[in-house]
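Asks: pasting the structure only:
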């Protein structure tokens, strides 16, 4: 996936670049701060503790190292050299079976959450999203936007749109469709860039 690895995008004082391993602590810190108070985030990632942040960073690093189809992209403010937002763009292979799609998703089992109600709650958010993803995308290779989060102080500054546009350019170069999984809060950003709502998940460009 050299096309993904070499791409950058600049717009005014923003630039979108591939993240580096040294960025991981900053990315996880940004995510937890940006998602404070969001029930779905706490359910999936766990409460904001040092241990959970460390585990989240390890999961992200392991997935990143395990596949070349996983691009972590950061949007920088070039004046302050600050990370404004980041996201994951992942090339999803054309799975033919539902169980295969679910089993290969790094998030599906929630083993980092305590067994019992906590893990059931996390899977209750994740499994329907993964199943919807399989239903919409099966049979064709696709580029999926995941985990986009913007620092509170940088919201409505164009960072999220820049990250989405970065991925759309890659999808066009690769000749595959692009999808995202949007919350109601972020839906307007994706719709403004041409995504269309497909039920409760799996929006497509």
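Replies: Cool, got the structure. On a predicted model such as this, the values are computed, not experimentally measured, just so you know.
Asks: use CA for all of it now, contacts and neighbours both
Replies: OK.
Asks: which SSE is immediately downstream of the lengthiest helix in the chain?
Replies: Ranked by residue count and defined by DSSP state H, the top helix of the chain is helix 117-137. For helix 117-137, the following helix or strand on the C-terminal side (DSSP states H and E) is strand 142-150.
Asks: give me every residue that touches the closest residue to residue 33 other than its chain neighbours.
Replies: Leaving aside its chain neighbours, residue 33 sits nearest to residue 151 (7.2 Å; criterion: C-alpha to C-alpha, 6 or more residues apart in numbering). Residue 151 is in contact with 30-31, 33-34, 84-85, counting by C-alpha atoms under 8 Å, 6 or more residues apart in numbering.
Asks: and the buried ones among those, selectable in ChimeraX?
Replies: To isolate the buried ones among the contacts of residue 151 in ChimeraX, judged by 16 or more other C-alpha atoms under 10 Å, type:
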select :30,31,34,84,85
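Asks: which of the contacts of residue 151 fall in strands?
Replies: Secondary structure from DSSP state E places 84-85 of the contacts of residue 151 in strands.
Asks: which residue ranges of the protein form strands?
Replies: Using DSSP E, strands in the chain cover 9-11, 14-18, 70-77, 82-92, 142-150, 178-180, 203-204.
Asks: go through these and pick out the most buried.
Replies: Counting by mean count of other C-alpha atoms under 10 Å, strand 178-180 has the highest mean neighbour count of the strands of the chain, with a mean of 27.
Asks: tell me the gap between that strand and the middle of its chain.
Replies: Here strand 178-180 is found 10 Å from its chain centre; the criterion is C-alpha atoms, centre = their mean, to the nearest Å.
Asks: tell me which strands that strand pairs with, and in which orientation.
Replies: strand 142-150 (parallel), strand 203-204 (antiparallel) (DSSP bridges).
Asks: okay if I get the ones you listed as a markdown table plus mean pLDDT and distance to residue 121?
Replies: As requested, the strands paired with strand 178-180 are exported to a markdown table (pLDDT from 0 to 100; distance: least, C-alpha to C-alpha, whole Å):
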| stretch | mean pLDDT | distance to residue 121 |
| --- | --- | --- |
| strand 142-150 | 89 | 19 |
| strand 203-204 | 46 | 23 |
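Asks: can those go into JSON lines with extra columns for distance to residue 68?
Replies: JSON lines is the format used below for the strands paired with strand 178-180 (distance: least, C-alpha to C-alpha, whole Å):
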{"stretch": "strand 142-150", "distance to residue 68": "13"}
{"stretch": "strand 203-204", "distance to residue 68": "23"}
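Asks: tell me how far residue 119 lies from residue 180.
Replies: Using C-alpha to C-alpha, to the nearest Å, residue 119 is found at 24 Å from residue 180.
Asks: swap that for residue 66, please
Replies: From residue 66 over to residue 180 (counting by C-alpha to C-alpha), the distance is 22 Å.
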